[in-house]
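Student: okay, here's the prediction I keep looking at, along with the sequence it came from:
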Amino acid sequence: MSTYVFDQAAQSERERLLNLEEWLDPGTIRHLETIGVGRGWRCLEVGAGEGSIARWLCGRVAPSGRVVATDLDTRFLDTIDDPALEVRRHDIVSDAIEENTYDLIHARCLLEHLPARDEVLRKMFAALRPGGWILVEDLDVLSHVSVTPSEVYERVSDTAFSVMQGFGFDPTLGRRLYLMLVDAGFEATFAEGRIAMGTRQDNAGVEMFKLTLSHLREPMIATGRVDAADVD
């Protein structure tokens, strides 16, 4: 069974996921449009979260296509009413998945949380039909720096990522995805890095990171590297 640093039963988790979607969806959708997802496609959304991309895919593949949206906890997906959607409680690490089935597989901010990421990627490869596409997106802390010098910011960020690593999170996965895809056997592989800058309080990315810090607050303080005032 996979472990996950964020408690999906927490009241703030849906808000965190909604901000994550608002922050990252435009880039994801741009890539999906470039791939050409269309009517009749069969798509797999792994770790679908709150479901924004699953909803978007349903609109593209309908009426003859199908979208399978999976997650360890499907409470946010179960509220989606779309005839093209199948919601599946599923652990991509330990549960089986259909082989030679999907035209598209998408996973965002998923592999970074899975120590068995190489095996999962190979499982996704086997699930694709010939000529199928995979779009994998993961974060990288290379650009996660303060826009102004701040010793406290760096210390808090380092502590947060260290706590997350204890759950299997890899903060530098983004830069290695390309070679992982090549090693897994994917052809015509392309990689792109995006940097989103935000300092305003109403920026979705900023709000997402604030909620992340709120969730990690107590285990961060327990390390002794930061105190409550630092995190605040």
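Tutor: All right, it came through fine. Numbering: from 1, shown residues only.
Student: what about the residue nearest to residue 231 when sequence neighbours are not counted, how many neighbours?
Tutor: In space, and not counting its chain neighbours, residue 231 is closest to residue 217: 5.3 Å by C-beta to C-beta, 6 or more residues apart in numbering. For the C-beta atoms, the positions are set from N, CA and C on the backbone; glycine is no exception. Neighbour count of residue 217, defined by other C-beta atoms under 10 Å: 16.
Student: which element is residue 217 on?
Tutor: Using DSSP states H and E, residue 217 sits in helix 204-222.
Student: for residue 67, same thing?
Tutor: strand 66-71.
Student: distance from the chain centre to that strand, please.
Tutor: 14 Å (C-alpha atoms, centre = their mean, to the nearest Å).
Student: in the following helix or strand past it, what counts as buried?
Tutor: Per DSSP H and E, strand 66-71 leads on to strand 85-89 as the next helix or strand towards the C-terminus. Residues 85, 87, 88 are the ones in strand 85-89 that count as buried (16 or more other C-beta atoms under 10 Å).
Student: ok, stretch 79-97 next?
Tutor: Under 16+ other C-beta under 10 Å, the buried positions of stretch 79-97 are 80, 82, 84, 85, 87, 88, 90, 92, 93, 97.
Student: could you pull up the mean pLDDT of that stretch?
Tutor: Mean pLDDT, stretch 79-97: 97.
Student: and stretch 35-44, by the same measure?
Tutor: 98.
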